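[1] Fold the following and give me the result.
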Amino acid sequence: MKRPLIRLVLFAAMKHKHRSLAIAALAVTCSLAAFLAHAAGQDGKPDPLAADIHRWSDYVKSNTSTDELWAQVKSGAAPILESADQSLRDGRRWLALTRLAAVRVNLAASVYASEHAAGQFKDDAALEAEWTRMGGVLRDALGPTSPNGLDGVAPAAVRAQAEVALPQVRGFYDTSLEYAKNTAPEYGLFYIGQAQAQRDFVALCRSLSAATSLRAPPLRDLRAELDALETEMLAAYRPPVSINRHPEFIVASSTLNEARELDAAGLRYGALLRYLQAALRFAPLRATPATLDKAALASTLHDLDARLSAAGVDHTIGRTFLEAAQAEVAAGVPFGGQPAAATIVTDVLPRYFAALEPAKPAPPKPAAQVKVTLVRWPYT
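    Sure thing, here's the model as predicted:
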């Protein structure tokens with residue numbers, strides 16, 4: 001399968017006898033100027049983030065396959081890509097990157113799976129041969145993850161996204177073969193495609209890296225914060241909410257577990273991002289979700305914006321969440337149907353600032369009463 005290319009064709013008339021045609025030509029020219037400004041970085045060079053969002057948006061629109069797996073990926077990806085594009089147009093760059101990251105892995109995996117039809121891998125030997133081949137392709141990304149592997153990638157929001165993706169290359173690849181044997185070949189191929197997708201996403205993040213005069217955020221291990229959030233989750237996991245909203249608990253818990261793995265690996269930027277995302281995903285499951293009236297929310301957003309802009313520190317990880325809250329307020333409706341702005345300003349961003357302060361002494365842990373083991377596939 002050839003990946004579709006983004007094509008932009010401009011038809012301009014040199015002379016117009018009618019006012020309506022002249023106005024139409026001016027509108028086309030202005031639209032082109034807006035597109036070029038959107039697709040170019042501050043130095044006038046093409047913006048890799050804008051280009052990638054446009055490429056995948058074009059692919060989603062042009063791929064009319066009725067394959068069941070693709071239909072599921074497409075239905076989830078299309079609105080998020082639209083939101084990522086709008087975020088970038090609104091100047092919310094880190095929110096755009098986060099939304100792209102949320103769907104890009106499955107989109108790229110779909111391309112890989114469609115290029116390697118499952119019918120070609122009806123037996124384990126054929127699939128294992130492809131798995132071995134891809135092991136060679138991904139060799140450089142399958143080694144041990146170093147805490148310093150992404151040194152030099154900046155700003156912090158970009159490095160955080162890359163640190164989240166980096167260990168997933170190995171996770172998806174190692175899981176793919178056994179998953180295929182226990183389900184179906186197409187799902188194993190999809191996992192291999194996800195491994196390749198995360199390798200490529202790390203490369204995209206490297207291309208987005210730019211020098212900054214801001215100081216790096218003072219990151220540290222988050223064991224105490226992760227333990228505290230886990231305790232909150234376990235306390236909330238009681239019927240009826242544990243039954244009625246079990247899938248949401250699984251997502252929040254999985255995100256927290258990933259933050260713990262990143263933290264243990266010394267990938268502090270990725271760990272902080274996933275910790276804050278886990279807190280945001282858990283928030284609707286609390287007995288009393290956060291609320292703020294319109295005036296209080298606007299005032300708090302203004303104060304947080306000023307705080308994130310001060311002190312000469314690279315606060316782009318925190319700003320990612322601020323941009324999500326700002327986007328929700330600007331749109332008047334929450335993205336995905338779940339209000340988040342109040343939670344971000346009252347819970348998530350306070351956690352962010354606290355995570356940059358020296359660690360506080362951890363309270364003694366209560367004696368264990370029961371041990372629960374969850375078996376899951378990676379990052380699900």
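[2] which residues touch Val137?
    With contacts defined as Cβ atoms under 8 Å, 6 or more residues apart in numbering, Val137 is in contact with Gln196. Bear in mind the C-beta positions are built from the backbone N, C-alpha and C, glycine included.
[3] tally of neighbours for Ala265?
    Other residues lying near Ala265 total 18 when counted by other Cβ atoms under 10 Å.
[4] That one and Pro167 touch, don't they?
    Yes: assessed by Cβ atoms under 8 Å, Ala265 is found in contact with Pro167 at 6.6 Å.
[5] can you count the residues close to the nearest residue to Pro358 once chain neighbours are set aside?
    Using Cβ to Cβ, 6 or more residues apart in numbering and skipping the chain neighbours, the partner closest in space to Pro358 is Arg220 (7.5 Å). Arg220 has 17 neighbouring residues, counting by other Cβ under 10 Å.
[6] what domains does the record give for the protein?
    Domains of the chain are assigned by automatic domain parsing as 1-91, 116-212, 225-355.
[7] Quick one: these as CSV, columns for distance to Asn106 and mean pLDDT too.
    Compiled in CSV, the domains of the chain are given as follows (distance: least, Cβ to Cβ, whole Å; pLDDT from 0 to 100):
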stretch, distance to Asn106, mean pLDDT
domain 1-91, 5, 66
domain 116-212, 7, 92
domain 225-355, 15, 94
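[8] can you redo those domains as JSON lines with distance to Val105?
    Below are the domains of the chain laid out as JSON lines (distance: least, Cβ to Cβ, whole Å):
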{"stretch": "domain 1-91", "distance to Val105": "10"}
{"stretch": "domain 116-212", "distance to Val105": "5"}
{"stretch": "domain 225-355", "distance to Val105": "13"}
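[9] Tell me which of those approaches Gln369 most closely.
    Minimum separation from Gln369 across the domains of the chain (Cβ to Cβ) falls at domain 225-355, 10.8 Å.
[10] Touching, Val313 and Leu214? I think so.
    Yes: between Val313 and Leu214 a contact is recorded at 6.0 Å, counting by Cβ under 8 Å.
[11] Can you tell me which helices and strands the helix or strand containing Ile53 packs against?
    Per DSSP states H and E: Ile53 is located in helix 48-62. Applying 3 or more Cβ pairs under 8 Å, 6 or more residues apart in numbering; DSSP states H and E, one finds that helix 48-62 makes contact with helix 19-39, helix 68-89, helix 93-115, helix 185-208.
[12] Between those helices, which one is closest to Leu177.
    helix 185-208 (6.1 Å).
[13] what about Val329, neighbour count?
    Using other Cβ under 10 Å: Val329 sits among 15 other residues.
[14] residue contacts, it?
    By Cβ under 8 Å, 6+ apart, the contact list for Val329 reads 297-298, 301, 341.
[15] Filter those residues down to the buried ones.
    By neighbour count, with 16 or more other Cβ atoms under 10 Å, those hold 297, 301, 341 as buried.
[16] export those residues to JSON lines and tack on distance to Leu49 and secondary structure?
    Output for these, formatted as JSON lines (distance: Cβ to Cβ, whole Å; DSSP: H, G, I helix; E, B strand; the rest coil):
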{"residue": "Leu297", "distance to Leu49": "28", "secondary structure": "helix"}
{"residue": "Leu301", "distance to Leu49": "24", "secondary structure": "helix"}
{"residue": "Ala341", "distance to Leu49": "24", "secondary structure": "helix"}
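[17] for the residues you listed, which one is nearest Met233?
    Using Cβ to Cβ, Ala341 comes nearest to Met233 of the buried ones among the contacts of Val329, at 21.9 Å.
[18] contacting residues for the closest residue to that closest one other than its chain neighbours?
    Leaving aside its chain neighbours, Ala341 sits nearest to Ala325 (4.0 Å; criterion: Cβ to Cβ, 6+ apart). Ala325 makes contacts with 297, 301, 340-341, 344-345, as judged by Cβ under 8 Å, 6+ apart.
[19] what about Gly312, neighbour count?
    Gly312: 9 surrounding residues under other Cβ under 10 Å.
[20] isn't it right up against Thr212?
    No: the criterion here is Cβ under 8 Å, and Gly312 misses it with Thr212 at 10.1 Å.
[21] Sticking with Gly135, tell me its helix or strand.
    Per DSSP H and E: Gly135 is located in helix 124-137.
[22] re the thing from before, from the buried ones among the contacts of Val329, which is closest to Ala283?
    Ala341 (11.1 Å).
[23] Confirm for me that that closest one is in contact with Pro334.
    Yes: under the criterion of Cβ under 8 Å, Ala341 makes contact with Pro334 at 7.4 Å.
[24] what touches both of those two?
    Glu328.
[25] what about Met134, distance to Ala259?
    Met134 is 28 Å from Ala259, where distance means Cβ to Cβ, to the nearest Å.
[26] re the thing from before, for the residue nearest to Pro358, what are its contacts?
    By Cβ under 8 Å, 6+ apart, Arg220 lies in contact with 268, 355, 358-359.
[27] Go again with 10 Å.
    Applying Cβ atoms under 10 Å, 6 or more residues apart in numbering, we find Arg220 in contact with 263, 268, 271-272, 355-359.
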